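> structure for this input, please:
(3 chains)
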Amino acid sequence: MRCKFSFWAIFLEVVIIVLFVFFVEYETTQQVNATTSTKTDEFFQLYPLFQDVHVMIFVGFGFLMTFLKKYGFSGVGFNLFLAALGLQCGTFAQELLHNKGKKFHIGIKTMINADFSTATVLISFGAVLGKTSPVQMLIMTVLEIAAFAGNEYLVTEIFKASDTGASMTIHAFGAYFGLAVAGVLYRPGLRGEHKNEESVYHSDLFAMIGTLFLWIFWPSFNSAIAEPGEKQYRAIINTYLSLVACVIVAYALSSLVERRGRLDMVHVQNATLAGGVAVGTCADMKIPPYAAMTIGSVAGIISVLGYKFLSPLLANKLMIRDTCGVHNLHGLPGVLGGLVSIGVVYWEKSNLSVVAMQAAALGSSVGSAVVGGLVTGLLMKLCSCDQPPDEDCYDDSVYWKVPKFRELDHLFFQHVNHNHLEHEV
Amino acid sequence: MRCKFSFWAIFLEVVIIVLFVFFVEYETTQQVNATTSTKTDEFFQLYPLFQDVHVMIFVGFGFLMTFLKKYGFSGVGFNLFLAALGLQCGTFAQELLHNKGKKFHIGIKTMINADFSTATVLISFGAVLGKTSPVQMLIMTVLEIAAFAGNEYLVTEIFKASDTGASMTIHAFGAYFGLAVAGVLYRPGLRGEHKNEESVYHSDLFAMIGTLFLWIFWPSFNSAIAEPGEKQYRAIINTYLSLVACVIVAYALSSLVERRGRLDMVHVQNATLAGGVAVGTCADMKIPPYAAMTIGSVAGIISVLGYKFLSPLLANKLMIRDTCGVHNLHGLPGVLGGLVSIGVVYWEKSNLSVVAMQAAALGSSVGSAVVGGLVTGLLMKLCSCDQPPDEDCYDDSVYWKVPKFRELDHLFFQHVNHNHLEHEV
Amino acid sequence: MRCKFSFWAIFLEVVIIVLFVFFVEYETTQQVNATTSTKTDEFFQLYPLFQDVHVMIFVGFGFLMTFLKKYGFSGVGFNLFLAALGLQCGTFAQELLHNKGKKFHIGIKTMINADFSTATVLISFGAVLGKTSPVQMLIMTVLEIAAFAGNEYLVTEIFKASDTGASMTIHAFGAYFGLAVAGVLYRPGLRGEHKNEESVYHSDLFAMIGTLFLWIFWPSFNSAIAEPGEKQYRAIINTYLSLVACVIVAYALSSLVERRGRLDMVHVQNATLAGGVAVGTCADMKIPPYAAMTIGSVAGIISVLGYKFLSPLLANKLMIRDTCGVHNLHGLPGVLGGLVSIGVVYWEKSNLSVVAMQAAALGSSVGSAVVGGLVTGLLMKLCSCDQPPDEDCYDDSVYWKVPKFRELDHLFFQHVNHNHLEHEV
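Numbering: from 1, shown residues only, chains lettered A, B, ... in the order given. Predicted coordinates for the structure are as follows:
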């Protein structure tokens, strides 16, 4: 049965390598005489920012998804696989579109954009975490990257909209794509609480590794492709300010909505990042520092309230179970970021056609995500024979060799008791 | 009861945002025509160093404090909250003082200095870890940042003393402030061993994440605000050399002081970092490489001996329980760094008034920390109704929703046995 | 008994500091008037790359070796100790050779090269993990650094061979050195499965922290000492492409070789990195992007097959137990990298003498590693009285104070039952 996964993975890798033979090359000094040294300079100026984003993609997203007690291998392991695949597909899809089908060069911007396109897949992965097979995820990765590249082309080249930190094209897109897929793949057997869908003490600490690296490097994410100079400088500081304010407010709200006033790890792991999402689109615009902090504060409020009240509603009424709550971390704050950017653009330029384009970008991001997600979900449903059975969802042991002893496993308990008795005697 | 925390957190955030409205703005090209490109260059040159320091603050300090078996959520979670709050207060307090109450710009140095001021709070947090309420920590953060900014202004602007890596103004200050607070908040009920005040196997590994990121990026910490060029180059290499020597000596001593010659994780997690603290003040001075290594070695010795012999004394005789042993990691090595710097300044300049100013900086750092800590401790005592009761100290479950199953919890044991019996039958 | 470790550690540190007194100094503006600003510029251009490599050495290698259920403290703790020692020995050995015994300056390249020489020790450490005493590891560190420096000098100065990413001089050398040591130290009592030589669920997640940081920063490792400009640019992108392709293929193979098609954490933690090793030597050469991806794919295949089929053979037939499987991660892919580089050099230069030199570099790296490893292993055998007894191999408690409660320990079980009964009554 899993030969299928191996076959498709190798097949895809071969296809990608062949495509690279025909379309991708390095820059050489012959081709770009005068500008080469500038290009190389840019490369090494942006390389530290690229590495920050890279850490977010692999360590940040990876460990953030290890919070489930029995699904840590999949959380961090599939994240690595999907990201590595997404990088290759993303490099190809985005550059090919922007170069109108001609050969293209790999530079630092190519690599940063590939990380960005991969981020959408990882966001959607969070929505379906624990309920899909590796082959289904392969399908999702390839199709979502294609849809993302299409929408990104539309937003930047046709609408000429501004979306530096990608609140709309990455966060809102990734979240609504994932929710649409989760909706199509809904299984009645997973209604109600699932015995594996909870954290243990240590898994929550592992998830914090992800949260912190995402939080720390978010200013690099929002500024990596900003215009060098003043705009990039603003993008970094606005993101930084939005995030610090978001943390304070998210903690306050988390304690407020819980009956006994205790903090909830779900909010700390996720809602503290909403400020980075929401400020994304207008990170490089001329907003004053306090505005960035206000955006972060509002995002923190929305995100905690979303986890507390909206997610249960989505699950029960709309039949959309969103494992990681990506709607609250990426969806709502992403839309907020888009809406704020429309306001800022209006206030900065007072040009209605520019404002309309910015609004069109938001609409197109959400719309293409929902449509793309529905189509992708249907295709994934065709492979549902691979899916983990309901009772084995959120459990690594379906797709991974797991160690003999795992906290809370039956075998572990037996061993505990056995050892104990042995020693007592 | 916790509405109090939510209220104060939101109130503080609103106050900070309002202050930012009136005092903080971005630099724009209109304002600083000629120098802007230089400023932007400086920003991006220092940005990687800033991110290194940022990782130390959030991942380094955060995970270092997860070593207690039941206090990991608080260790890393309150660290994130206090750091985010401290950054905002620190930005404000330091810049306002240095700009004599006028409006100021946010630049990369502002951000690095904000991280620095936050570090003092996190050091003090280590001394009171597990024994204070969130509201008490809020109070400590705000007051300590104010006291830090005052002393830092005194040291740099009045005494014109040199303290690049901040052995005195951050490490010694943070440690003695925290010890003073811990002394005031001493509770007889916590005398003797506490059942929760110990690590488990995995919590010690989580703490190593913190240790390693602090250790690796310490050269960036000590050089981030050094004069560009040769001084910054020396600050990096001196710190690097001090740290590598410190590791070797700390391991040797750790094994030496234990009866059966075994290594102690407490020393490995903490004493290996003492070299970075001690070399701080003179990191950018003209000391030869072997001197940096000697400073690191001595710091390693002092730190291990402090953990082994001094901390028990402090707890039993002076009624100061220092949860993380910040006195051995930051206090003693910080004072050592200050003393060495006095010697180096004397040897370099042979100017007694400069030497006196350097000594005054050390005295003022320790003195203001003790006074500030005592006052702050008394104010925190007024809110002691919020404090965790003695038997629930060092336990997340007072302030956090904890997962149903937690290693070593009663419920976990019950589950173990229950499951076992079920399967046996 | 452990006074021995403390004595040797302190003795070594004193010797190193004394050597630094006589041989190491900083650069000052007087010495290098014109070129200083260029040197400082280079320093800060390379500093972010250095920090990436530094994270790989301490966090990457350190956590990668925490996969054993009872040997996490040693994995990450001895890694820190050996790396700190190796950095100092490496600085000294390499610079002294290249400067023909004269005084030398510490610069950023010195620091990067020291990290590189340390990497060989950490690779060999992986082969003997769990079976050697700290004093034996001290011996290995010092001797291996000496052998490495000798071979590195031969390869770069005499053969003038190209080995930017050090597939041959670091990876193949470190692996075969370690295997030779492991072969000499073979103990019949460790034949067959050892009760401690397995992972638990959480230890595998800790190991993933190491894997991810190694994977992310590998492009920095392979490019850190490349010629600035186009060559460095190629080294980064070739490594990046090799790694992403390697991940896809390693996952596919891992699933393919397991009977039920499940993924194996051993492969995910290790084989995904083989692409970075294999592309090392020719990372900065003029190979097209698809060639880098092909090298990565082949490395992934070789590495997984090595873990599955070759490691058991080595253990049973050649009496070489390779705890971490460094042969599959560093040895085979390192040799592959060397072989490919011979081909590329032939194709680029069509100059047989250059090709012969490249081949000689590969031969010398493997040969000196085996000889050096055998000699070192024999010397380590003289100290075998310190070795952990067979039944306590792979167990921290021989050399570390371990917490009272450790997952799967007898004491933990007793506590579990005790607590449970107490509460029942």
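> could you use CA atoms for every contact and neighbour count after this?
Fine.
> backbone dihedrals for the nearest residue to A:T40 once chain neighbours are set aside, please?
Of all residues not flanking A:T40 in the chain, C:G229 sits nearest, at 6.0 Å (Cα to Cα, 6 or more residues apart in numbering or on different chains). In terms of degrees, to the nearest 10, the main-chain angles of C:G229 are phi 90, psi -140.
> need the pLDDT of C:G229.
Per-residue pLDDT puts C:G229 at 87.
> likewise A:N351?
At A:N351, the pLDDT value in this model is 89.
> what about it, how many residues close to it?
A:N351 is flanked by 11 other residues according to other Cα atoms under 10 Å in any protein chain shown.
> which residues are contacting stretch A:123-135?
Residues from elsewhere that reach stretch A:123-135 (Cα atoms under 8 Å, 6 or more residues apart in numbering or on different chains): A:4-5, A:8, A:65, A:71, A:74-75, A:78, A:137, A:171, A:174-179, A:181-182, A:321-326, A:330, A:383-384, A:386-388, A:393-395.
> before we move on, what about stretch A:59-68?
Where contact means Cα under 8 Å, 6+ apart, the residues beyond stretch A:59-68 that reach it are A:72-77, A:79-80, A:122, A:126, A:196-200, A:203-214, A:269, A:324, A:394, C:209, C:212-213.
> get me the contact residues on the stretch 251-400 of chain A for chain B.
Taking Cα under 8 Å from any Cα of the partner chain as the measure of proximity, the stretch 251-400 of chain A contacts chain B at A:251-253, A:255-256, A:260-265, A:268, A:288-290, A:293-294.
> in chain A, what residue comes closest to chain B?
Relative to chain B, the nearest point of chain A is A:A252 (4.2 Å; Cα to the nearest Cα).
> isn't that residue right next to B:L12, touching?
No - the pair A:A252 and B:L12 does not pass the contact test of Cα atoms under 8 Å, sitting 10.7 Å apart.
> give me the more crowded residue out of these two.
More neighbours sit around A:A252 than around the other of A:A252 and B:L12, counting by other Cα under 10 Å; the figures are 27 against 18.
> on that earlier part again, give me the buried entries from the residues of the stretch 251-400 of chain A next to chain B.
Buried by 16 or more other Cα atoms under 10 Å in any protein chain shown: A:251-253, A:255-256, A:261-265, A:268, A:289-290, A:293-294, out of those.
> out of those, who's nearest chain C?
Relative to chain C, the closest of these is A:M265; by Cα to the nearest Cα it sits at 19.1 Å.
> from A:V76, how far out is the closest one?
The span separating A:M265 from A:V76 equals 19 Å under the rule Cα to Cα, to the nearest Å.
> what are the ranges of the helices in the stretch 201-350 of chain A?
For the stretch 201-350 of chain A, the helices identified by DSSP state H, counting those that start in this stretch occupy A:201-223, A:230-257, A:265-270, A:274-278, A:289-305, A:311-317, A:326, A:332-349, in order along the chain.
> from the contact counts, what lies against the third one?
Helices and strands touching helix A:265-270, as assessed by 3 or more Cα pairs under 8 Å, 6 or more residues apart in numbering or on different chains; DSSP states H and E, comprise helix A:201-223, helix A:230-257.
> strands along the stretch 1-150 of chain A, start to end?
In the stretch 1-150 of chain A, the strands defined using DSSP state E, counting those that start in this stretch lie at A:24-25, A:104-105.
> highest mean neighbour count out of the ones you listed?
Most buried of those by mean neighbour count (mean count of other Cα atoms under 10 Å in any protein chain shown) is strand A:24-25; its value is a mean of 19.
> name every strand pairing with that one and say which way it goes.
The strands that strand A:24-25 pairs with in its sheet are strand A:104-105 (parallel) (by DSSP bridges).
> mind listing residues that contact the partner strand?
Contact partners of strand A:104-105, identified using Cα under 8 Å, 6+ apart, comprise A:F23, A:V24, A:E25, A:Y26, A:E27, A:E95, A:L96.
> check what pLDDT the residue nearest to the fifth one when sequence neighbours are not counted gets.
So that's A:E27. The shortest distance from A:E27 to any residue that is not its chain neighbour, by Cα to Cα, 6+ apart, is 5.9 Å, and that residue is A:H105. A:H105 carries a pLDDT value of 90.
> so what's the closest residue to chain C within chain A up against?
Chain C sits closest to A:S6 of chain A, with a gap of 4.2 Å, by Cα to the nearest Cα. Neighbour list for A:S6: C:Y251, C:A252, C:L253, C:S255, C:L256 [criterion: Cα under 8 Å, 6+ apart].
> and which of these is nearest chain A?
Top of the list for closeness to chain A, among the contacts of A:S6 and by Cα to the nearest Cα, is C:A252 at 4.2 Å.
> ok, for the closest one, nearest residue in space, not its chain neighbours?
According to Cα to Cα, 6+ apart, the nearest residue to C:A252 is A:S6 (4.2 Å).
> which among the contacts of stretch A:123-135 count as buried?
Restricting the contacts of stretch A:123-135 to buried positions leaves A:5, A:8, A:65, A:71, A:74-75, A:78, A:137, A:171, A:174-179, A:181-182, A:321-326, A:330, A:384, A:386-388, A:393-395, with burial counted as 16+ other Cα under 10 Å.
> could you tell me which of those belong to helices?
A:5, A:8, A:74-75, A:78, A:137, A:174-179, A:181-182, A:326 (DSSP state H).
> which one of those is nearest to B:L339?
B:L339 has its nearest neighbour among those in A:G75, at 49.8 Å by Cα to Cα.
> nearest to C:G150, of the ones in helices among the buried ones among the contacts of stretch A:123-135?
Distance to C:G150, by Cα to Cα, is smallest for A:F78 among these, at 42.1 Å.
> kindly list the longest helix within chain A.
Assigned via DSSP H, chain A shows its longest helix as helix A:352-382.
> thinking again about what came up before, what sits against the residue of chain A closest to chain B?
For A:A252, the residues meeting the contact criterion (Cα under 8 Å, 6+ apart) are B:F5, B:S6, B:F7, B:A9, B:I10.
> reformat these as JSON lines; add pLDDT.
Output for these, formatted as JSON lines (pLDDT from 0 to 100):
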{"residue": "B:F5", "pLDDT": "93"}
{"residue": "B:S6", "pLDDT": "95"}
{"residue": "B:F7", "pLDDT": "94"}
{"residue": "B:A9", "pLDDT": "96"}
{"residue": "B:I10", "pLDDT": "96"}
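> and the stretch 1-150 of chain A, which of its residues are near chain B?
Counting by Cα under 8 Å from any Cα, the residues of the stretch 1-150 of chain A lying close to chain B are A:P48.
> show me what from the stretch 1-150 of chain A comes close to chain C.
Taking Cα under 8 Å from any Cα as the criterion, the stretch 1-150 of chain A approaches chain C at residues A:1-3, A:5-7, A:9-10, A:13, A:17-18, A:20-21, A:24-26, A:28-29, A:37, A:40, A:43-44, A:48, A:51, A:54-55, A:58-59, A:72-73, A:76-77, A:80-81, A:84-85, A:87-88, A:106.
> cool, thanks, signing off.
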